[in-house]
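In: what would the 3D arrangement of this be:
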Amino acid sequence: MIKVLLADDHRIVRQGLRSMVEKEPDMVVVAEASSGLSAIQLAREHLPDVVVMDISMNQMDGVEATRVIARDFRQVKVLALSMESDRHFVVEALKAGALGYLLKDVAFEELAAAIRHVAANETYISPRISDILVRDYLQRIPEEEIGGASASSSLTPRERKILQAIADGRSSKEIAFQFKVSLKTVENQRLSIMKKLDLYSVAELTKYAVRAGLTRLK
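Out: Next up, the predicted model:
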């Protein structure tokens, strides 16, 4: 059973989320927080598997609360749920330690899927957000940086294929099935890729894969 903590400063939003989350057979809401500060306190008390965290809240915003939770309660994963699609908010949430980022206008089916991904320690960023990040980044980088041949040459052929699969939005379980290896092997190879490229999020890996010609924007 996935234990979920809901953090949003609007009671009606929390109530709506609770009613939907608790219809899922593998999920239970253990607490509701109305601020970033109370989210930290309740995370300490309940140690949920996933905190569904609104980014903009009173007392302490969701980004700062995410930073504290990611630092102090490593077993607790954070899924950011926000109205904000601006690159700044997305990047700050991911840097703070959020494992996923969704917009509040997504269908509940996508939120439920994201909760499961994050609970399994897998990054989940909605396609809309990934597209925004990649397009924004490609508009900002100078032309001489596009290509990425030198760094990608340090990757093994298998690592390049796994990087391509990650950038195409496949989960670790899907990649493990594709290459007929264990989930642990995929996680180890993903860590190796991140270390070699000095990139530590799916969004950054996706940007790199686009620049290196391993995948294309859809």
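In: from here on, contacts and neighbour counts on C-alpha atoms
Out: OK.
In: residue contacts, residue 1?
Out: 26-28 (CA atoms under 8 Å, 6 or more residues apart in numbering).
In: gap between it and residue 51?
Out: Distance from residue 1 to residue 51, counting by CA to CA, to the nearest Å: 14 Å.
In: for residue 127, same thing?
Out: Distance from residue 127 to residue 51, by CA to CA: 21 Å.
In: cool, and residue 79?
Out: For residue 79 relative to residue 51 (CA to CA), the value is 6 Å.
In: if I pick the residue nearest the centre of the chain, what's in contact with it?
Out: For the chain, the residue nearest the mean C-alpha position is residue 100 (2.1 Å; CA atoms, centre = their mean). By CA under 8 Å, 6+ apart, the residues touching residue 100 are 78-80, 94, 114, 118, 123-125.
In: among these, who's most crowded?
Out: Among these, the one with the most neighbours (other CA atoms under 10 Å) is residue 78, at 32 neighbours.
In: run through who's touching the helix or strand hosting that one.
Out: Per DSSP states H and E: residue 78 is located in strand 77-82. Residues from elsewhere that reach strand 77-82, judged by CA under 8 Å, 6+ apart: 49-56, 62, 66, 70, 93, 97-104, 114-115, 118-119, 121.
In: how's this structure carved up into domains?
Out: Domain assignment for the chain by automatic domain parsing gives 2-127, 141-211.
In: worst mean pLDDT among the ones you listed?
Out: The minimum mean pLDDT among these belongs to domain 141-211 (a mean of 78).
In: pretty sure residue 114 contacts residue 124?
Out: Yes: with contact defined as CA atoms under 8 Å, residue 114 and residue 124 form a contacting pair (5.8 Å).
In: if we can go back for a sec, what about the contacts of residue 1, which are in strands?
Out: Among the contacts of residue 1, the ones falling in strands (DSSP state E) are 27-28.
In: buried only: go through the contacts of residue 1 for me.
Out: 27-28 (16 or more other CA atoms under 10 Å).
In: could I get the contacts of residue 1 as JSON lines with distance to residue 208?
Out: Output for those, formatted as JSON lines (distance: CA to CA, whole Å):
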{"residue": "26", "distance to residue 208": "35"}
{"residue": "27", "distance to residue 208": "35"}
{"residue": "28", "distance to residue 208": "37"}
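In: which of the contacts of residue 1 sits closest to residue 159?
Out: Nearest to residue 159 out of the contacts of residue 1 is residue 26 (CA to CA; 33.2 Å).
In: in contact with that closest one, which residues are there?
Out: By CA under 8 Å, 6+ apart, the residues touching residue 26 are 1-2.
In: ok, residue 2 next?
Out: Residues in contact with residue 2 (CA under 8 Å, 6+ apart) are 26-28, 48-50, 116, 119.
In: and if you look at residue 46?
Out: Counting by CA under 8 Å, 6+ apart, residue 46 has contacts 30-31.
In: state the distance from it to residue 73.
Out: Residue 46 is 11 Å from residue 73, by CA to CA.
In: same question for residue 92.
Out: From residue 92 over to residue 73 (counting by CA to CA), the distance is 19 Å.
In: what do you get for residue 189?
Out: Taken as CA to CA, the span from residue 189 to residue 73 is 25 Å.
In: who has more neighbours out of these two?
Out: Comparing residue 189 with residue 73 by neighbour count (other CA under 10 Å), the higher total belongs to residue 189, at 17 against 14.
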